[in-house]
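[1] Pasting a predicted model and its sequence here:
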Amino acid sequence: MKIFSKSQIQAADTYTIANEPIASIDLMERAARACYDWFNKNIDRSQSISIYCGQGNNGGDGLALARMLRAAGYNVSAHILEHSKATSHDFNENLERLNGRKIPVKIAKNAAELNEDSADVIVDALLGSGLNKPLQGFLVDAVTFLNQQKAQKISIDIPTGLFVDSNKQNNTDAIFKADTTLTFQFPKWSFLFPEFGQFAGEFHVLSIGLDLNFIDKTETNNYFIDKDFISDLLPKRNKFDHKGTFGHALIIAGSYGKIGASILSSRAALKTGAGLVSCYLPSCGVIPMQSANPEIMVIADAEEKQISHIEFDIKPTAIGIGPGLGTATSTKEALLQFLKIQKNPVVLDADALNLLAENKAWNFLPENSILTPHLGELDRILGARYRGEDMYEHARDFAIKQNIILLVKGAHTAIYQPNGNVCFNSSGTNGMATAGSGDLLTGMITGLLAQGMNPEHAAIVAVYLHGKAGQKAAQHLGNAAMIAGDIISHINIPN
């Protein structure tokens, strides 16, 4: 799914209206119907709903939704905030359509006319994606008032006060904070960073039938990974395939006290479909590995507690390095010497990244290698702490300059590619913020690489399936109770 800028979204609306053709009021009706369908599935009719509308098209969406909800038996009221002298044509049309619908409509011209709201659900339909400057005056007061109400909060298309694109100059004290956002056709770029995505809460992308030819032809560097996105990328299996067909993954990992990381990572590689998996680890890890993972072949380093020389006589089709590796001097030297002779992409995580960052050894990396840092590791890679839009810009530049894939883990894990494209993940849950979760991802990427996937696709597919496994584990155990081993047991590779 493409992620468009504000101007591209507006162009998609305009093109659809002109070329479907469809009247703008009917496209608004379609958007409101998509919201109604979500309410019908997720909000019980016993709950009261207050919809707060501005005077533009977002307000028109809110009025149309109020009409549909009332027709379906919901207890709904509409509140119109007169924050401007101007109103849109489609807003006026939907206001007229409320006549005879027995929907209470309250009008507020200033903050003093906003009274405590006892509704179970508050809907924000004040301002949509056309906003281009921070809120002022009455709208600031209105958003502050709504944020203070004790109700479930839902925004239509985008929380009022949040910009679609850059929010560097925005006022975070004047943004509606939604629990849920029902956004139209595309995820909004600003939803994908914690600094501003927190205002959108959980967002749902609702199709409103914008012109697919326009969407296909419009270029963007930003994409949203969903089930449809990965369906054509998954490795295919045939009747006469054998384990050799699905490659040999090698995981280089572990140190004394951190053998669990190598166990988790190698098991995840196998669960992701690699035909064979070997693990190179210090001698102290042989018995734990073979006890925990009898399916994994083990290659032991001469050193007892850490990896000191990376030497083996197998020919893996993919290599992942780093989980639990440690930062001993001998391990650092072994890693750097090993990378110097590699020609194929490798997957690097955890201490492998820390060692490379310490030595600024990025030129040692084979092209299209995959780096999988969390934010702390990313700071060490980039040499400074960047967040939000600044992080996006610096991470993207780094991936392009080093000709590697930089996978930055988070709520919407971002995959920065050497061609400048960035893919944001849609799957996952906060229960995955648990020890060992990242080790699994390293193994999953390596397992997919071993099967012949190109590095970009392996990173994209692994991230999405990793998140889906976490979601399934959370459904059974809850977010707080799940651990990395639970995620492994729920890895599922669609046929």
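    Arrived safely. Numbering: from 1, shown residues only.
[2] Let me see the contact set for Ile17.
    Counting by C-beta atoms under 8 Å, 6 or more residues apart in numbering, Ile17 touches Ala23, Ser24, Leu27. (Each C-beta comes from the backbone N, C-alpha and C, glycine too.)
[3] let's go with 10 Å and repeat that
    The neighbourhood of Ile17, defined by C-beta atoms under 10 Å, 6 or more residues apart in numbering, consists of Ala23, Ser24, Ile25, Asp26, Leu27, Leu210, Asp211.
[4] Let me know how buried the second one is, in neighbour terms.
    So that's Ser24. Neighbours of Ser24 under the rule other C-beta atoms under 10 Å: 17.
[5] same thing with the first one?
    A count of nearby residues for Ala23, using other C-beta under 10 Å, gives 12.
[6] Excluding sequence neighbours, find me the nearest residue to it.
    Closest residue in space to Ala23, ignoring its immediate chain neighbours: Ile17 at 7.2 Å, by C-beta to C-beta, 6 or more residues apart in numbering.
[7] can you tell me which helix or strand the one you found belongs to?
    Element membership for Ile17, per DSSP states H and E: helix 6-19.
[8] Same question for that helix: list its buried residues.
    Using 16 or more other C-beta atoms under 10 Å as the test for burial, helix 6-19 gives Lys6, Gln8, Ile9, Ala12, Asp13, Tyr15, Thr16, Ile17.
[9] which residues does the closest residue to the third one other than its chain neighbours contact?
    Pointing back at Ile9 there. Take Ile9 and drop its neighbours on the chain: the residue closest to it by C-beta to C-beta, 6+ apart is Ser129, 6.0 Å away. The contact partners of Ser129, by C-beta under 10 Å, 6+ apart, come to 4, 6, 9-10, 13, 57-58, 157-158, 162-165, 183-184, 186, 188, 190.
[10] Now go through the residues you listed and say which are in helices.
    Lys6, Ile9, Gln10, Asp13, Asn57, Asn58 (DSSP state H).
[11] And for the last one, nearest residue in space, chain neighbours not counted?
    When the adjacent residues along the chain are set aside, Asn58 lies closest to Gly128, with 3.3 Å between them (C-beta to C-beta, 6+ apart).
[12] So the one you found is in contact with Gly60, correct?
    Yes. Between Gly128 and Gly60 there is a contact under C-beta atoms under 10 Å: 9.4 Å.
[13] list residues touching both of those two?
    Here Gly128 and Gly60 share the contacting residues Ala31, Gly54, scored by C-beta under 10 Å, 6+ apart.
[14] How confident is the prediction for Asn222, by pLDDT?
    On pLDDT, Asn222 comes in at 98.
[15] One more: the one 3 residues further on?
    Ile225 is assigned a predicted lDDT (pLDDT) of 97.
[16] swap in Pro494?
    87.
[17] still on that earlier bit, and the buried ones among the contacts of Ser129, selectable in ChimeraX?
    One line in ChimeraX is enough to select the buried members of the contacts of Ser129, burial here meaning 16+ other C-beta under 10 Å:
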select :4,6,9,13,57,58,157,158,162,163,164,183,184,186,188,190
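[18] biggest helix in the protein by residues?
    Max-length helix for the chain by DSSP H is helix 455-477.
[19] Output the contacting helices and strands for the helix or strand following that helix.
    Later in the chain than helix 455-477, the nearest helix or strand by DSSP H and E is helix 484-489. Using 3 or more C-beta pairs under 10 Å, 6 or more residues apart in numbering; DSSP states H and E as the contact test, the elements touching helix 484-489 are helix 259-271, helix 437-450, helix 455-477.
[20] Which one of these lies nearest to Gly428?
    The minimum distance between Gly428 and the helices and strands packed on helix 484-489 falls on helix 455-477, with 3.3 Å, by C-beta to C-beta.
[21] Mind checking the pLDDT average for the closest one?
    Helix 455-477 shows a mean pLDDT of 98.
[22] Repeat that for stretch 114-123.
    96.
[23] how about it as PDB, C-alpha atoms only?
    Only the C-alpha atoms of stretch 114-123 are listed here, as PDB (Å, rounded to 0.1, in the frame of the first residue of the first chain):
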ATOM      1  CA  LEU A 114     -18.800  23.700  25.200                       C
ATOM      2  CA  ASN A 115     -20.400  21.800  28.100                       C
ATOM      3  CA  GLU A 116     -19.100  18.600  29.800                       C
ATOM      4  CA  ASP A 117     -20.000  15.700  27.500                       C
ATOM      5  CA  SER A 118     -21.300  12.400  29.000                       C
ATOM      6  CA  ALA A 119     -21.200  10.500  25.800                       C
ATOM      7  CA  ASP A 120     -19.500   7.100  25.700                       C
ATOM      8  CA  VAL A 121     -17.900   7.800  22.300                       C
ATOM      9  CA  ILE A 122     -16.600  11.200  21.000                       C
ATOM     10  CA  VAL A 123     -16.000  11.500  17.300                       C
END
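[24] Flag every buried residue along that stretch.
    By neighbour count on 16+ other C-beta under 10 Å, the buried set for stretch 114-123 is Leu114, Asp117, Ala119, Asp120, Val121, Ile122, Val123.
[25] with the contacts of Ile17 in mind, which one is nearest to Arg396?
    Leu210 (26.6 Å).
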